[in-house]
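[1] Can you look at this prediction? I've put the sequence above it.
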Amino acid sequence: MVTAVCVFSAGTSLTVAGILTFLQETPAGTTSLTGTVTGLTPGSHGLSIYEFGDFSSRCLSFGSRFDPFGSNKQTRPLGQLGNIVAGDDGKANVHITNAQIPLSGENSVIGRGLVVHEKADDLGQGGDEESLKTGNAGPRLACGVIGLAKSTK
C-alpha cells in the first residue's frame, strides 16, 4: 500500500486551503483521493495534476498538466481529475477514485504538483486549443506537491 498527501498553499487566492490524501492499495489498483478544500467560491473548480512539483514560483512553476501519453480530443490527460464542487460555505469534500493516477511506477504522481483552479474544467470539450491544454479552468487558486506519506496501516 502506498499513501501520499498534498497540502495546499496559496496561489492566486489567499483563502483556499486544504489537505488531500491519496491511497493505492496495490501497484495495479485504483487510487482513492479524499479530503477537504475550503475557502472556495461556491460551484465547480478544476482539479489537476501538473508535471512538476517545483514550488519555486508557487503554482506557476508546476509546468503543464501531467500528460505522459499525449492526450487528444478523445482522451484526457492523466493529470486531469475533473471538478470538485464547493457548497455555499466554500467547502468541497473530495472523493475521487481513479485508475489513472498511480502512486508508484514510471508514471507515479508522487512529487508532482496538484492545483485547484478558479473555474470549472470543461474536460477538453470547449472546442478550442486552450480547452485541450487547460480545460479553460482559469487561474491556479491553490497548489501543493503530492508527497509520500507514512502509511496508516
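    Everything's here; your move. Numbers count the residues shown, from 1 in each chain.

[2] Thr31 and Leu23 touch, don't they?
    Yes - with contact defined as C-beta atoms under 8 Å, Thr31 reaches Leu23; the gap is 6.8 Å. Bear in mind the C-beta positions are built from the backbone N, C-alpha and C, glycine included.

[3] Would you mind listing the buried residues in the least confident helix or strand in the chain by mean pLDDT?
    Between all helices and strands in the chain, the lowest mean by mean pLDDT, DSSP states H and E belongs to helix 129-134, at a mean of 77. Buried residues in helix 129-134, counted by 16 or more other C-beta atoms under 10 Å: 131-132, 134.

[4] Which SSE is immediately downstream of that helix?
    Later in the chain than helix 129-134, the nearest helix or strand by DSSP states H and E is strand 140-145.

[5] Identify the bridge partners of the residue nearest the centre of the chain.
    For the chain, Ser48 is the residue whose C-alpha lies nearest the centre (C-alpha atoms, centre = their mean; 3.2 Å). In this structure, Ser48 bridges to Gln80, Val115 when assessed by DSSP bridges.
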